[in-house]
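Q: Next come a sequence and a model predicted from it.
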Amino acid sequence: MKELALMTIFLLLIVSSATFSQISNKIEKVKPAQKNIPSKINSNYGKYNFTFKTLDGKTIRIGDFGGKILLVNIWAPWCEPCKKESEGLAKLYKEFHGKGFEIVGIAVKTTETAVRSFIQENNVIWQSGIKDDLLNIYKTVGLPQSYLFNRDGSLIKEFVGYTAEEALRQHLVRILKSK
């Protein structure tokens, strides 16, 4: 009787071991759950989409900013309102950049040397480049001129001339609340 009991226990151990091995193999084959990473939001900037090179030679397409609130700021280093406006833009960029706000600065009717000097003197920390034909693409009527786009690429507001920091802040706060 003891032998029969020992043999039963032995067989149970073998069967249990084989079953455990099969379960273990199945567990190893299961891929770990991926983090819920949102895919890039499709955006349609329509006629406002363009490509430019930053001063460091990086090619940027406006359509790549899908999912972000984007301000395209058209300016020139010789433009006094542009200098004043850049102070407020720098504050807003620091305040809202971590919340999905981007600025792209496009200088027009200027030289690379003048742009580099302006950027350094005015603490411009967002991506900037030079693209004179943007005046025609955006039908710019004055400087500075800015275009605020929603996450899907739709135009929210066009700002012609100097834009006060507080006026732009109100738009950003409203857009971020509607997230």
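A: Nice, I can see it.
Q: any idea how far residue 97 is from residue 61?
A: 19 Å (CB to CB, to the nearest Å). For every residue, glycine as well, the C-beta is placed using N, CA and C.
Q: Those two: which is more packed in?
A: Ranked by neighbour count (other CB atoms under 10 Å), residue 97 and residue 61 place residue 97 first, with 14 against 11.
Q: So the more buried one: helix, strand or coil?
A: helix (DSSP: H, G, I helix; E, B strand; the rest coil).
Q: and the residue lying closest to residue 164 once chain neighbours are set aside, what is it in contact with?
A: Sequence neighbours aside, residue 88 is the residue nearest to residue 164 in space, at 6.7 Å (criterion: CB to CB, 6 or more residues apart in numbering). Residues in contact with residue 88 (CB atoms under 8 Å, 6 or more residues apart in numbering) are 163-165, 168.
Q: swap in residue 89?
A: Contacts of residue 89 (CB under 8 Å, 6+ apart): 71, 73, 103, 124, 126, 165, 168.
Q: Was I right to think the fifth one contacts residue 96?
A: So that's residue 126. No - Residue 126 is beyond contact range of residue 96, at 11.4 Å (criterion: CB atoms under 8 Å).
Q: now the helices for the protein?
A: Secondary structure of the chain by DSSP state H: the helices cover 2-29, 80-96, 112-121, 134-137, 165-177.
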